[in-house]
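Asks: sequence-free structure coming up:
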């Protein structure tokens, strides 16, 4: 078991995710609540940071994530949207931006930026978080860190593909998923004998 003091460190791939508890707006109930990462242990979690409410690329990304909710549900994945806005801003945005109508996920309010800082995506000059996607496995280990520059939107299809691959490897220890792997494709079993023969193994 890893020392829990590591929870105070910043995010690193394949290590325990920094724990947090944040206020949140629940669009489903139109009410405020709070979300604790520790309470989600045993679940796959996507922490989906975006720069700000009432911006331009952000609602297109969140609409894309919302449209894929049934597929995230099939994989038993909890999606958490997060920014450094307040819960009141989250509520106003979902009620005014047409792309945010019926948004199905909790919207975390990291208003002081502490969690964004620990996840290495806080712009300290502006107090705004970057576009950061973090996939956390049921043991609380960070398996994906993806940070997208500026106005470039993300793609939920690719995120789903990565989660499917991670879940397959969890269920099949010792396997590896090659580039563009999708369910049903061949996988690899890394070994000395496979070195230099990958192309043949994938035929």
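Replies: That came through, no problem. Just so we're clear, the structure is a prediction, and the values are computed from it rather than from any experiment. Numbers count the residues shown, from 1 in each chain.
Asks: hey, let's count contacts and neighbours off CA atoms from now on
Replies: Fine.
Asks: pLDDT weak spots in the chain?
Replies: Along the chain, the model assigns pLDDT under 70 to residues 1-8.
Asks: and the strands in it?
Replies: For the chain, the strands defined by DSSP state E cover 21-26, 31-36, 44-49, 77-83, 106-109, 122-123, 128-129, 131-136, 142-148.
Asks: what residues are up against the residue nearest to residue 42 when sequence neighbours are not counted?
Replies: Spatial nearest neighbour of residue 42, chain neighbours left out: residue 138 (4.0 Å); criterion: Cα to Cα, 6 or more residues apart in numbering. Contacts for residue 138 (Cα atoms under 8 Å, 6 or more residues apart in numbering) come out as 40-45.
Asks: before we move on, what about residue 143?
Replies: Contacts of residue 143 (Cα under 8 Å, 6+ apart): 13-14, 134-137, 166.
Asks: switch to 6 Å and redo it
Replies: Counting by Cα atoms under 6 Å, 6 or more residues apart in numbering, residue 143 touches 14, 135-136.
Asks: ok, of the residues you listed, which come out buried?
Replies: Buried by 16 or more other Cα atoms under 10 Å: 135-136, out of these.
Asks: now, which of the contacts of residue 143 sits nearest residue 174?
Replies: Relative to residue 174, the closest of the contacts of residue 143 is residue 14; by Cα to Cα it sits at 15.7 Å.
Asks: and the gap between that closest one and residue 177?
Replies: Using Cα to Cα, to the nearest Å, one obtains 16 Å as the distance from residue 14 to residue 177.
Asks: equivalent analysis for residue 185, please.
Replies: Applying Cα to Cα to residue 185 and residue 177 gives a distance of 9 Å.
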